[in-house]
Every structure is written in structure tokens, then in C-alpha cells.
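**Student:** whatever this is, show me its structure:
(2 chains)
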Amino acid sequence: MNVDSTVFQSIRTILSGYVDGAHEIAPHTRIIADLEIDSVNVFDLIMEIEDANDVSISMETISTIHTVGELTDVVESLIRAK
Amino acid sequence: MMTATPSTSTIKYVRGAFQTLTGALDYAAQGVTGLNFYSTKGELEFVLGYRELRERAMNMAARLVAVTPAGCRVGLIADTSVDFSVMFYACQYAGVLPVPISMPTALGGRNLYEDQIAQISQTANLHSMMAPDNILSVIEEALAGSSVEVGSLTGTHLPDGTAALRPFGGDDMCYIQFSSGSTSTPKGILGSQTSVTTNCRAIQAGLDACEGDRIASWLPMYHDMGLIGQFIAPMLAQLSADYISPLSFARRPATWLKLISENRATHSYSPSFGYEISAKRWRGGDLDLSSWRVAGIGGDMVRPEALELFASTFADSGFSPQAFVPSYGLAEATVAVSFAPLNEGVKTDTINAHIMREIRYATPASEITKDAEKRDFVACGRAAPEHEIKICDDAGKRLGDRSVGRIMFRGESVSPGILDDEKGLIPLADEDGWLDTGDLGYWLGGQVVLTGRHKDLILWNGKNIWPQDIEWAAQKAGGRHISQAAAFELTDSDRADGIYLLAECKSHNDEIRQTLVADITSNVRQIVGAPVSVILVPSRSLIVTSSGKLSRQRTRRKFLAGSFDVSAGVQQEALASTI
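**Tutor:** From the prediction side, this is the model:
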């Protein structure tokens, strides 16, 4: 994936609102394991990303996403499929 | 336009008279009440009156009978839906045992979920499994290579059938509950028609369910509080219920309150954290919560501060703090064990935690008690109607007011047993019918006060976390370097409050040890979703019982006494380099 992509940038901005302190948010960053996002907040986060990009990420897909890069790829492919 | 089922049925209100679920549904179906399913935003999506539910369940049952032996076990992935509702009752009419199972967790949980599905299917000896279409492929993958047949919860894979139904009778089983127990070692608790209908009768009486009452719920259908309390108990009293999924609730908690307000719900339950996030995320708007008579709290330790926040946030919306009903329950007792008296709100007891730890007596805090030593506990009421509670010391002697001991429960709601790979079924009650809940508490003026759940269970932000899951995550991350691990919670000690994991580490290499701590920390967070302090300890230093079982409580005490050599690696490494 391309780190300059607008989707990645927007996800990074949204994510930074959920993270305490100075965490690096890169494509390889793991959302739960590295960013320490609370399991309840994860739903908020997903909703915000869905709303911002006007896509809907299925339950099955969500359970396979670990990193910021994987999340970006999923959102980008959903946008392309629209 | 679609209209939700009314709150009042057209038939005579009958409560507590049914011995089976099908008997109760046969009756409720003669009226006009039923179940209603709403979207995340609170739009009515599906209406399933009890009449239609019964008809569809019976049709589906005829098809199930054609392909399932009587009494076999069928896994149902329990999303909050019409399909799940129909299939659950179809199993009742077909005489096969439904086993409700959770949906996958969010982000990155797929591998763990697949392991869990495979585990449950083995423990429960499932004949087949049905899932919503959107996760069918996940289930198929999890069960690939097993003999379990996988199909859609819509039942489209089932053949047409006209076979005679095999409805469960009053002496038969009812379902298997898999919500308690850890993810890595799931616990299957059997429910019988007797235990389920008895507990529902106790719920209806204890919570004063009356004609015209209405239930609203976001609780998961795979959990006893959602399935029994908010799905089966209402049907057994012909009451209408409104549902949003747990996922919808997590996204928009306000939808839960909107349903209560618009449909004039009288009964709704949530753990403390549900009240808390509803208040924290509230952005204002018109709500009328004055119809809400029973705002039950269960599923975790009742946290008064979360409830105070909720009550103050919604005071202007007509919410009465008197409506709070702190409750205590567990799946081994079907669900409900005790309820606080209605219309009295939350009764808090502030005690001196230091004295309680020392002499197991809940001494009220006084002016000279330091703030750090004060703990608030909530009274959870008397035993549910038709049931008994006793609190005993380790020798089995009954304790009086304020002495802390084990909570025991007796009555027809107690589950017939827990599934076991080798023994088949392990009974839960002793010869006198008492269930040892494993929870600790004391009496306060006739009410039970819970001080701690199961001795090993860890409570973090309203979530129950099993130490086995943390230890399992540590061993997965640590591989061959970690021989054994023990997780426990520390509160009220000299160390920082939180979850600790002691892992026996075989390596003395500092670099490997540092990487291990980092890997284990992040894997535990991924799997259980909570922060854990990881500390490496020497091999064979954790305490095991004579039968070789890990003793977390004794390990915890050894840790608190400072008896672990936590710098072993560094020292031995230094020693090695001088030789």
C-alpha cells in the first residue's frame, strides 16, 4: 500500500484520536497490540472510519484485520468496488 | 409501514405456569405480542410475533428432524436476529439441543475465534453448526476436517420435511450454555427444561413482570443474561421485547435508550459498563425514560460510580435512580441468583478493605479509615423466589452478618451439570442440592453483598477475563522459552493495581528476555484486550498443587511476599560471563 494515499492519511488521523501519547502510526503498526486501543473503542473507531469513507466493513473481514496497513487495504478495495 | 408488536396481548396473562419452552410458545402464539429487531440507528427492521415465531419454528423443526438424531447437539452462532430466534425454538420442537455460540470479536480476532469454535464443537460433541451467512466461511474454515456439518442459520441447506416433531418434554434438557469459562478452555453448562423454566419464573416474580410490561435489550443472545433473561423469560410471560445487537449498542449506545423511551419499556438489563458508556457518549436529545421500572445490573461487579453517572446524566430524561436493581447471577444457576428489592435503587456499603483482607470480616469504614483502604460494595438482594442462599466458611459453617465466605445457592434453577470430555457430565450441586458458586460475599441485613467473583477470575473495565486466556496467550507468544505462566489481579496491595503475569522463562539471554516480554505483552493485549504487566521468573518457581495444577492464589501470595527472584536472568547471565 501507498503511505501517501488519502485513505491511509485519513485512517491515521482518525486513529490518532484514539491513542494516548506518542505512538507511531505506520502501515505495519498493529491496531490492538501496539496502539493499545480498548476493545469497546474499537467499534467506535470502525464506525468512524466507515462513515468517513462511506463503506461498510463486514464482520468477517474485521476479524482478519490486524495492522493499519491491512485496514487501509480493506477500505481502499471497498471504495474501488463501489 | 411496519409496526412493532404491542405490549399487551389479546389473551389472558399467564406467568409461571409452563414446564417447557414449547408449551409456553404454544400459548404465547395465541396472542399478538412478540419480538422486534431494530437497526443500529433504531429503525424497526423485523417484526416476529410469537404466532409467526411458533409457525416458522415448527416448520423448521420438521426439516431438522429429517437430518438430526433426537437429542443431538447443534451449534447456533447467536446473532441477534429472526433466523437465530426461529432456529433456537425449532431445536426445541425438534428435540435437539441448541448450543448458542458467540460471534467473532472485532479486529484481528479471527484466529482465536476459529480455535474457540473448534474447541466448543469438540467439548459439546456437536452434530452440526449453523451460522449467519456473513460468517459461514469463517465457521467452515474453523471446522474443516471435522465431522461437524456446517450450514446457514436460515436453514436453506435443510431438506424439506414433514416428519413428526419431537418437542422436548418437561423432564428433558433444554440447551447448552457456553458463555462462561475461558476462551481457551470453554465450559459447557447444561440447562434443562426444569432449570430454565424455574429460573424464568423466579425472574418474573423477582422483577415483578406484569401484563403490559415490555423488555428492551442489547445483550448478546449467546450469553445467559441475554438469552434467558431477555429472550426466553419474556416469552414465558407473553411479553413483547425490542432488540438491538451488541454491536449496534457498542456503536450507538443511545439507540438502546431511544428504544426504551419510544416503546415505553419497563425492564432492561445491562452490566455496569453499559450504563457507563451510554452516559459518557450521550450527546443530548429528547428521551423519556420514566417507564423504565426495572433497570437491572448484572454480569459484572456492580460499580456504583458508573450508575451514579448514568442517573445524573439522565435525571432530566425522567430516569429514576430507584429503578436500579443490582443483581447477582451465573450460568451454573441458569442465570438469576438474587435481586435487590425493587424500587429501592443501589445500596452501597463502604468497608475497610484492609481489615476485610486480614480477618474476612466486612467492617464498615470509619472517619479514621484511609481513603485508599475504603471499598464500596453493593447489596444484591435476597435469593430469587423459590431459591435459597447460604454463605459459609471453608469448613462449611453458615456465617452471619458481615463475615465473608463462599456463596452457595440451592433450588431447581441449578444446572444439571457441566460437560466433560471424559466423564460426560459433572454434576454441579452437592448431595444436598447446594451449588458452590465460587464467589465470595457477606450478608448485610438479609441481602447478599458480593466481594469477589470466582477466585481466579479477573475483572477489568467491566470485562470478565480468565487467567487461563492470558496464560495461553503468553505461551503462544513465548513458544519454547516459556514453560508455564500464572496470571492474577492485584488490588489494594503495595504494588500498582492491575493484572500481572508471571512467566517461567528458560532463557538467560537478556536480549531474548526483553523480546519475550514485549511479544507476550502485545499478544496478551491482542487476545484478551487488556494491559498486563509481564514479569519473567525462573523455571519451576510458580506454585503447583500436589496434583500438578497451577495455584494462582498461592503464586500471587508468594509474589506479594517478594519471594520471586525476578532478576534471575540478569544475575545468572552475569554469573555465566564470569566463568
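**Student:** for the closest residue to B:Pro253 other than its chain neighbours, phi and psi?
**Tutor:** Among residues not flanking B:Pro253 along the chain, B:Ser278 sits closest, at 4.1 Å (CB to CB, 6 or more residues apart in numbering or on different chains). Any C-beta I mention is one placed from the backbone N, CA and C, and that applies to glycine too. Dihedral pair for B:Ser278: phi -60, psi -40, per degrees, to the nearest 10.
**Student:** so which elements touch the longest strand seen in chain B?
**Tutor:** Counting by DSSP state E, the longest strand found in chain B is strand B:434-444. Helices and strands touching strand B:434-444, by 3 or more CB pairs under 8 Å, 6 or more residues apart in numbering or on different chains; DSSP states H and E, are strand B:388-392, strand B:405-410, strand B:447-452.
**Student:** adding distance to chain A and mean pLDDT, write the ones you listed out as JSON lines.
**Tutor:** As requested, those are exported to JSON lines (distance: least, CB to the nearest CB, whole Å; pLDDT from 0 to 100):
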{"stretch": "strand B:388-392", "distance to chain A": "32", "mean pLDDT": "97"}
{"stretch": "strand B:405-410", "distance to chain A": "29", "mean pLDDT": "96"}
{"stretch": "strand B:447-452", "distance to chain A": "23", "mean pLDDT": "91"}
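**Student:** what are the C-alpha coordinates of stretch B:18-29, in CSV please?
**Tutor:** The C-alpha trace of stretch B:18-29 is given here as CSV (Å, rounded to 0.1, in the frame of the first residue of the first chain):
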residue,chain,number,x,y,z
PHE,B,18,-45.2,-23.5,31.9
GLN,B,19,-43.0,-26.6,32.2
THR,B,20,-41.5,-26.5,28.7
LEU,B,21,-40.4,-23.7,26.2
THR,B,22,-42.6,-25.2,23.5
GLY,B,23,-45.6,-25.3,25.9
ALA,B,24,-45.1,-21.6,26.6
LEU,B,25,-44.7,-20.6,23.0
ASP,B,26,-47.8,-22.6,22.0
TYR,B,27,-49.7,-20.4,24.4
ALA,B,28,-48.0,-17.0,23.6
ALA,B,29,-48.7,-17.7,19.9
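**Student:** what sits up against that stretch?
**Tutor:** B:9, B:11, B:14, B:34, B:50-51, B:53-55, B:57, B:89, B:92-93, B:167-170, B:172, B:174, B:193-194, B:196-197, B:232, B:235-236, B:238 (CB atoms under 8 Å, 6 or more residues apart in numbering or on different chains).
**Student:** mind listing which of those are in strands?
**Tutor:** Taking DSSP E, the ones among the contacts of stretch B:18-29 that sit in strands are B:Gly34, B:Cys174.
**Student:** in PyMOL, how would I select the buried members of the contacts of stretch B:18-29?
**Tutor:** A single PyMOL command selects the buried members of the contacts of stretch B:18-29 (16 or more other CB atoms under 10 Å in any protein chain shown):
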select buried, chain B and resi 9+34+50+51+53+54+57+89+92+93+167+168+172+174+193+194+196+197+232+235+236+238
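**Student:** check which residues of the longest strand of chain B are buried.
**Tutor:** Those would be B:Trp434, B:Leu435, B:Thr437, B:Asp439, B:Leu440, B:Gly441, B:Tyr442, B:Trp443, B:Leu444, for strand B:434-444 by 16+ other CB under 10 Å.
**Student:** average pLDDT for it?
**Tutor:** Summarised as a single mean, pLDDT over strand B:434-444 is 94.
**Student:** what's the angle from it to strand B:447-452?
**Tutor:** Strand B:434-444 runs at 110 degrees relative to strand B:447-452, counting by axes from the mean of the first three to the mean of the last three CA atoms, to 10 degrees.
**Student:** model confidence score at B:Gly462, please.
**Tutor:** Reported pLDDT for B:Gly462: 65.
**Student:** cool, B:Ile465 as well?
**Tutor:** You'll see B:Ile465 listed with a pLDDT of 79.
**Student:** still on that earlier bit, dump the helices and strands packed on strand B:434-444 into TSV; add distance to B:Ala306 and mean neighbour count as well.
**Tutor:** Below are those laid out as TSV (distance: least, CB to CB, whole Å; neighbours: other CB atoms under 10 Å in any protein chain shown):
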stretch	distance to B:Ala306	mean neighbour count
strand B:388-392	25	18
strand B:405-410	23	22
strand B:447-452	16	22
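**Student:** in what helix or strand does the residue in the stretch 201-350 of chain B positioned nearest to chain A lie?
**Tutor:** Nearest residue of the stretch 201-350 of chain B to chain A (CB to the nearest CB) works out as B:Ala250 at 3.8 Å. Assigned by DSSP states H and E, B:Ala250 falls within helix B:246-251.
**Student:** which parts of the helix or strand that that helix is followed by are buried?
**Tutor:** Going down the chain from helix B:246-251, the next helix or strand is helix B:253-263, by DSSP H and E. By neighbour count with 16+ other CB under 10 Å, helix B:253-263 contains the buried residues B:Pro253, B:Ala254, B:Thr255, B:Trp256, B:Leu257, B:Lys258, B:Leu259, B:Ile260, B:Ser261, B:Glu262, B:Asn263.
**Student:** nearest to A:Thr72, of the residues you listed?
**Tutor:** B:Pro253 (27.8 Å; CB to CB).
**Student:** what residues are up against the closest one?
**Tutor:** Counting by CB under 8 Å, 6+ apart, B:Pro253 touches B:Gly274, B:Ile277, B:Ser278, B:Arg281, B:Trp282.
**Student:** rerun at 6 Å
**Tutor:** By CB atoms under 6 Å, 6 or more residues apart in numbering or on different chains, B:Pro253 lies in contact with B:Ile277, B:Ser278, B:Arg281.
**Student:** closest one of these to B:His354?
**Tutor:** Distances from B:His354 to the contacts of B:Pro253, taken by CB to CB, are shortest for B:Ile277, at 32.1 Å.
**Student:** chain neighbours aside, what residue packs nearest to that closest one?
**Tutor:** Take B:Ile277 and drop its neighbours on the chain: the residue closest to it by CB to CB, 6+ apart is B:Pro253, 5.3 Å away.
**Student:** and that neighbour, what's its pLDDT?
**Tutor:** Model confidence at B:Pro253 (pLDDT) stands at 94.
**Student:** can you give me the distance of it to B:Ser240?
**Tutor:** For B:Pro253, the distance to B:Ser240 equals 22 Å [CB to CB, to the nearest Å].
**Student:** what is the neighbour count of residue 38?
**Tutor:** Chain wasn't specified; assuming chain A. When neighbours are defined as other CB atoms under 10 Å in any protein chain shown, A:Asp38 has 16 of them.
**Student:** that was the other one, I meant chain B.
**Tutor:** 25.
**Student:** and it, its phi and psi?
**Tutor:** phi -120, psi 150.
**Student:** tell me the spacing between the spatially closest residue to it that is not a sequence neighbour and B:Lys258.
**Tutor:** Spatially, and ignoring its direct neighbours in sequence, B:Tyr38 is nearest to B:Ile244 (5.0 Å; CB to CB, 6+ apart). Taking CB to CB as the measure, B:Ile244 and B:Lys258 are separated by 9 Å.
**Student:** and what of A:Phe43?
**Tutor:** Going from A:Phe43 to B:Lys258 by CB to CB gives 18 Å.
**Student:** B:Arg402 now?
**Tutor:** Distance of B:Arg402 to B:Lys258, given as CB to CB: 42 Å.
**Student:** run the chain-centre distance for the longest strand of chain B.
**Tutor:** Taking the mean of its C-alpha atoms, strand B:434-444 sits 17 Å from the chain's own mean (CA atoms, centre = their mean, to the nearest Å).
**Student:** cool, and stretch B:326-340?
**Tutor:** Here stretch B:326-340 is found 11 Å from its chain centre; the criterion is CA atoms, centre = their mean.
**Student:** got the CA positions of it in PDB?
**Tutor:** Listed next in PDB are the C-alpha coordinates belonging to stretch B:326-340 (Å, rounded to 0.1, in the frame of the first residue of the first chain):
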ATOM      1  CA  PRO B 326     -28.400  -4.700  41.400                       C
ATOM      2  CA  SER B 327     -28.500  -8.400  40.700                       C
ATOM      3  CA  TYR B 328     -26.300 -11.400  41.000                       C
ATOM      4  CA  GLY B 329     -26.200 -14.400  38.700                       C
ATOM      5  CA  LEU B 330     -24.200 -17.100  37.000                       C
ATOM      6  CA  ALA B 331     -24.800 -19.600  34.200                       C
ATOM      7  CA  GLU B 332     -24.400 -22.500  36.600                       C
ATOM      8  CA  ALA B 333     -27.700 -21.300  38.200                       C
ATOM      9  CA  THR B 334     -29.200 -20.800  34.700                       C
ATOM     10  CA  VAL B 335     -28.800 -17.100  35.300                       C
ATOM     11  CA  ALA B 336     -30.500 -15.300  38.200                       C
ATOM     12  CA  VAL B 337     -29.400 -15.900  41.800                       C
ATOM     13  CA  SER B 338     -30.600 -12.800  43.600                       C
ATOM     14  CA  PHE B 339     -32.200  -9.400  43.100                       C
ATOM     15  CA  ALA B 340     -32.100  -6.300  45.200                       C
END
